[in-house]
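Undergrad: the sequence and its predicted three-dimensional model are supplied below.
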Amino acid sequence: MRLLTLFVAATLAFAQDKPAEPAQQDAEIITVKTLTGDSFDRLMNLLQVFPSVRYKGDSQLRTIVVYGPKDAVAQMRRVVEQLDRPGSEAAIGRNIEMTLTLLRCSQKAGSGAPNFPADMESVARQLKAATQYKSVELLDIIPMRLQEGKEASENFRLPGTFGPGQFATAQMAIRPEAVYRKDQGRYVRFGRMDLSFKIPVATGSFQSGVSGGGVSPVANIQYSYVDMGLKTSGDFMEGQKTVLGKMSGMTDEDAIFAVVTLKVLD
């Protein structure tokens with residue numbers, strides 16, 4: 001009986017000393033849909049809170065290969081899904097200075113010296129060489145402060161008049177998704193860059209007043225508003241002047257070109 005008791009006690013002690021079975025391991029490929037460039041790098045740094053998971057990311061393929069305990073891998077996947085969206089802690093990063101220069105081009109020859117900044121002279125020459133426009137004038141310069149991963153919008157009125165008491169207005173909606181580096185320099189990837197304008201255009205005239213009794217009729221010009229704009233997206237290089245495109249609709253002889261210049265603030 002004593003021998004049986006010792007045998008049971010030894011069996012229980014062995015069971016208590018037996019190491020726990022290792023957690024089930026899992027391997028998975030997580031696709032990153034939104035974050036790129038510096039945002040992708042910030043995501044990879046945030047994932048260091050999972051010490052039990054081995055992982056490696058590729059910003060070009062926008063994938064993360066992970067291996068570790070099944071529960072930890074599942075939790076990492078949920079964290080990536082939460083961060084992989086605009087406005088998340090990983091998405092919002094560097095500040096960006098953007099300058100939007102609006103150039104008004106016409107088929108009519110301009111009078112006097114150009115009124116645009118000296119650094120726009122090369123852009124004006126290229127526009128004249130590539131199009132039928134003979135004159136290029138500065139319409140407006142709009143500075144904006146953007147933040148990587150955060151959408152921005154602005155409404156403004158263009159300077160000058162397009163007729164007696166007639167002003168043009170504009171709206172901008174911009175989303176810089178990521179800042180990243182190539183061999184040539186840094187780039188900003190824009191998921192959205194929408195510009196829309198309301199331009200007053202003379203459509204006719206009418207006379208008001210009394211023609212008799214020494215009172216001459218007054219000629220009044222009628223105006224209507226023309227909607228024009230552009231929508232684009234893509235990667236733009238820091239320090240480079242990028243012509244977004246042509247916005248026409250004012251008259252057959254006029255058009256507006258938008259030029260973007262970027263500076264990433266460290």
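TA: Structure's in. What do you need?
Undergrad: all strands of the stretch 51-200 of the chain, in order?
TA: If DSSP state E, counting those that start in this stretch is used as the criterion, the strands of the stretch 51-200 of the chain fall at 54-58, 63-69, 95-106, 135-147, 152-157, 169-182, 185-208.
Undergrad: for those strands, which has the smallest mean pLDDT value?
TA: Taking the mean pLDDT of each of the strands of the stretch 51-200 of the chain, the lowest value is held by strand 185-208, a mean of 82.
Undergrad: output it as PDB, nothing but the C-alphas.
TA: Output for strand 185-208, consisting of C-alpha atoms alone and laid out as PDB, is shown next (Å, rounded to 0.1, in the frame of the first residue of the first chain):
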ATOM      1  CA  GLY A 185      13.900  62.800 -53.700                       C
ATOM      2  CA  ARG A 186      10.700  62.800 -51.600                       C
ATOM      3  CA  TYR A 187       7.200  62.500 -53.000                       C
ATOM      4  CA  VAL A 188       3.800  63.200 -51.700                       C
ATOM      5  CA  ARG A 189       1.000  60.800 -52.800                       C
ATOM      6  CA  PHE A 190      -2.300  62.500 -53.100                       C
ATOM      7  CA  GLY A 191      -5.400  60.300 -53.100                       C
ATOM      8  CA  ARG A 192      -7.600  63.300 -53.900                       C
ATOM      9  CA  MET A 193      -7.000  66.800 -55.300                       C
ATOM     10  CA  ASP A 194     -10.300  68.400 -56.400                       C
ATOM     11  CA  LEU A 195     -10.500  72.000 -57.600                       C
ATOM     12  CA  SER A 196     -13.800  73.700 -58.600                       C
ATOM     13  CA  PHE A 197     -14.400  77.200 -59.800                       C
ATOM     14  CA  LYS A 198     -17.400  79.400 -60.400                       C
ATOM     15  CA  ILE A 199     -16.400  82.000 -63.000                       C
ATOM     16  CA  PRO A 200     -18.800  84.900 -64.000                       C
ATOM     17  CA  VAL A 201     -19.100  85.200 -67.800                       C
ATOM     18  CA  ALA A 202     -20.900  88.000 -69.700                       C
ATOM     19  CA  THR A 203     -23.800  86.500 -71.600                       C
ATOM     20  CA  GLY A 204     -25.400  89.600 -73.100                       C
ATOM     21  CA  SER A 205     -26.600  93.100 -72.300                       C
ATOM     22  CA  PHE A 206     -29.800  95.000 -71.900                       C
ATOM     23  CA  GLN A 207     -30.800  98.700 -71.600                       C
ATOM     24  CA  SER A 208     -32.500 100.200 -68.600                       C
END
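Undergrad: in that strand, what counts as buried?
TA: Of the residues in strand 185-208, 186-191, 193, 195, 197-201 count as buried by neighbour count, 16 or more other Cβ atoms under 10 Å. Where C-beta positions appear, they are placed from N, C-alpha and C, glycine not excepted.
Undergrad: need those in JSON lines with distance to Asp235, can you?
TA: As requested, these are exported to JSON lines (distance: Cβ to Cβ, whole Å):
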{"residue": "Arg186", "distance to Asp235": "10"}
{"residue": "Tyr187", "distance to Asp235": "5"}
{"residue": "Val188", "distance to Asp235": "7"}
{"residue": "Arg189", "distance to Asp235": "5"}
{"residue": "Phe190", "distance to Asp235": "8"}
{"residue": "Gly191", "distance to Asp235": "11"}
{"residue": "Met193", "distance to Asp235": "11"}
{"residue": "Leu195", "distance to Asp235": "18"}
{"residue": "Phe197", "distance to Asp235": "25"}
{"residue": "Lys198", "distance to Asp235": "29"}
{"residue": "Ile199", "distance to Asp235": "29"}
{"residue": "Pro200", "distance to Asp235": "35"}
{"residue": "Val201", "distance to Asp235": "35"}
